[in-house]
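S.K.: the following comprises the amino acid sequence and a computationally predicted model.
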Amino acid sequence: MTHALLLVNLGSPASPQVGDVRRYLDQFLMDPNVVDLPWPLRRLLVSLILIRRPAQSARAYESIWWEEGSPLIVLSRRLQEKMQAQWTQGPVELAMRYGEPSIEPVLLRLAERGVDTLTLAPLYPQFADSTTTTAIEEARRVVAKHGLKFEINVLPPFYDQPEYLDALVESARPHLQESFDHLLLSFHGLPERHIRKLVKDAGHDLRAADSHGVSDEVLACCYRSQCLRTAELFAERAGLHPGQWSVSFQSRLGKDKWIEPYTETRIDELAAQGVKRLLVMCPAFVADCIETLEEIGDRGRDQFIAAGGEELALVPCMNDHPRWVTALAQLCRRAAQAI
């Protein structure tokens, strides 16, 4: 039996050129798990977005693009290479849900190599349909389309797993040992309706300040509560006191109501409260990308300084940190045993 490991992340345009960015955004936004509207409305909305957004996004990608390519792809490749040394059951492959390398050709290549068992590892600590579910659905679509004989198991969300949390603390430790006034844990945002569709408890509070009192049933499908739980467990492990850190949500798109508090609002509030040196880390991402490097590292820093702050330091994602490689291997081996 050959047991492969497939790491899956969100994806990136092939280049920062407008045409490549437009193709990437079209594929991403037309996913019904991302923009959950009926197809005609989704097509209309995305077509309108694609009039101006690609040029704006292309400039943002250009500002953070590396000589080797997209930071997300480069960093994910480095993680893949280090994971191969940890995963002895078979090959370790990397795929992106959108863009290249796409899931379909990677799975076909694994089938050609005689792989019969697959552990699928969506690299998203917290669960959301727009990340975890769509990656799983695409993999299963390809398997069904081509009649592949894989036995598949999936790495579940690991937002509260000790291995992930310990790696998160260890990777951030050098920055936490420096002098700072406040740590902002900025997670990727999500439209509130994405959570309301999944959470059956009509009384669930999407404004709650913490995850205390959230039932296991709600926690299993509420992205916001999982983010809060990650932040709380991280702060406890890192030895942070309550007033030293806070949580926010970034990357809003469109006019729908998204989960709060918003990162851009918190940045202004913290500056107004006298915070001069702000640390920001993004625990919803395991690899640095446009949302961390450009949205926080560039635009967020400019906003903070304009609001009266002095320095915003971006804490890098775990990327290919040795502690994260070890943690991910442990999590994947545990998931593989579920078969």
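M.R.: Yes, it's here.
S.K.: and the strands in the chain, which stretches?
M.R.: Secondary structure of the chain (DSSP state E): strands located at 3-12, 92-99, 117-122, 151-154, 182-188, 245-250, 277-281, 311-314.
S.K.: what lies in contact with the fourth one?
M.R.: Contacting residues not belonging to strand 151-154 are listed as 116-122, 136, 139-140, 143, 335-336, 338-339 [CB atoms under 8 Å, 6 or more residues apart in numbering]. For the C-beta atoms, the positions are set from N, CA and C on the backbone; glycine is no exception.
S.K.: which members of these are the farthest-apart pair?
M.R.: Asp116 and Pro122 (21.0 Å; CB to CB).
S.K.: neighbour-wise, which of those two wins?
M.R.: Set side by side, Asp116 and Pro122 show unequal neighbour counts under other CB atoms under 10 Å, the larger going to Pro122 at 24 against 15.
S.K.: relative to Val154, how far out is that one?
M.R.: Computed with CB to CB, to the nearest Å, the distance linking Pro122 and Val154 is 7 Å.
S.K.: which neighbours do these two share?
M.R.: Contact with both Pro122 and Val154 is made by residues Ile136, according to CB under 8 Å, 6+ apart.
S.K.: tell me the contacts of Thr292?
M.R.: Thr292 is in contact with 282, 285, 314, 316-317, counting by CB under 8 Å, 6+ apart.
S.K.: could I get those residues in a markdown table, plus columns for neighbour count?
M.R.: Formatted as a markdown table, these follow (neighbours: other CB atoms under 10 Å):
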| residue | neighbour count |
| --- | --- |
| Cys282 | 26 |
| Phe285 | 23 |
| Leu314 | 21 |
| Pro316 | 18 |
| Cys317 | 26 |
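S.K.: including distance to Glu264 and mean pLDDT, could the strands of the chain go into a markdown table?
M.R.: Written out in a markdown table, the entries for those read as follows (distance: least, CB to CB, whole Å; pLDDT from 0 to 100):
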| stretch | distance to Glu264 | mean pLDDT |
| --- | --- | --- |
| strand 3-12 | 21 | 98 |
| strand 92-99 | 25 | 98 |
| strand 117-122 | 27 | 97 |
| strand 151-154 | 34 | 94 |
| strand 182-188 | 10 | 98 |
| strand 245-250 | 8 | 98 |
| strand 277-281 | 12 | 98 |
| strand 311-314 | 12 | 98 |
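S.K.: neighbours of Ala55, just the number please.
M.R.: Neighbour count for Ala55, taken as other CB under 10 Å: 12.
S.K.: hmm, it is touching Gln17, no?
M.R.: No - between Ala55 and Gln17 there is no contact under CB atoms under 8 Å: 10.4 Å.
S.K.: got any residues that touch both of the two?
M.R.: Jointly contacting Ala55 and Gln17 under the rule CB under 8 Å, 6+ apart is no residue at all.
S.K.: before we move on, back to that, dump the strands of the chain into TSV; add distance to Trp258 as well.
M.R.: Conversion of the strands of the chain to TSV gives the following (distance: least, CB to CB, whole Å):
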stretch	distance to Trp258
strand 3-12	18
strand 92-99	20
strand 117-122	22
strand 151-154	27
strand 182-188	10
strand 245-250	7
strand 277-281	18
strand 311-314	22
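S.K.: quick one: closest of the ones you listed to Leu328.
M.R.: Between Leu328 and the strands of the chain, the tightest spacing by CB to CB is seen for strand 117-122, at 7.4 Å.
S.K.: tilt between the closest one and strand 3-12?
M.R.: Between strand 117-122 and strand 3-12, the angle comes out at 30 degrees (axes from the mean of the first three to the mean of the last three CA atoms, to 10 degrees).
S.K.: which non-adjacent residue is nearest Cys227?
M.R.: Using CB to CB, 6 or more residues apart in numbering and skipping the chain neighbours, the partner closest in space to Cys227 is Phe187 (4.3 Å).
S.K.: give me the beta-bridge partners of that neighbour?
M.R.: Beta bridges link Phe187 to Phe249, judged by DSSP bridges.
S.K.: there's contact between it and Val280 in this structure, I believe.
M.R.: No - contact status for Phe187 versus Val280: not in contact, 11.1 Å apart, counting by CB under 8 Å.
S.K.: in this protein, where is pLDDT below threshold?
M.R.: Counting by pLDDT under 70, the ranges of the chain that qualify are 339.
S.K.: for it, what's the longest helix?
M.R.: Among the elements of type helix in the chain, defined by DSSP state H, the one spanning the most residues is helix 39-64.
S.K.: other SSEs contacting it?
M.R.: For helix 39-64, the elements it packs on are helix 18-29, helix 290-293, judged by 3 or more CB pairs under 8 Å, 6 or more residues apart in numbering; DSSP states H and E.
S.K.: buried ones in that helix?
M.R.: By 16 or more other CB atoms under 10 Å, the buried positions in helix 39-64 come out as 42, 46, 49-50, 53-54, 57-58, 60-61, 64.
S.K.: between it and strand 3-12, how big is the angle?
M.R.: 90 degrees.
S.K.: between helix 39-64 and helix 18-29, how big is the angle?
M.R.: When the same axes, to 10 degrees is applied, the directions of helix 39-64 and helix 18-29 differ by 130 degrees.
S.K.: show me this structure divided up by domain.
M.R.: Described in terms of automatic domain parsing, the domain architecture of the chain consists of the residue ranges 3-157+322-336, 162-314.
S.K.: ends of the first one, what's the gap?
M.R.: The straight-line separation of the ends of domain 3-157+322-336 (CA to CA, to the nearest Å) is 9 Å.
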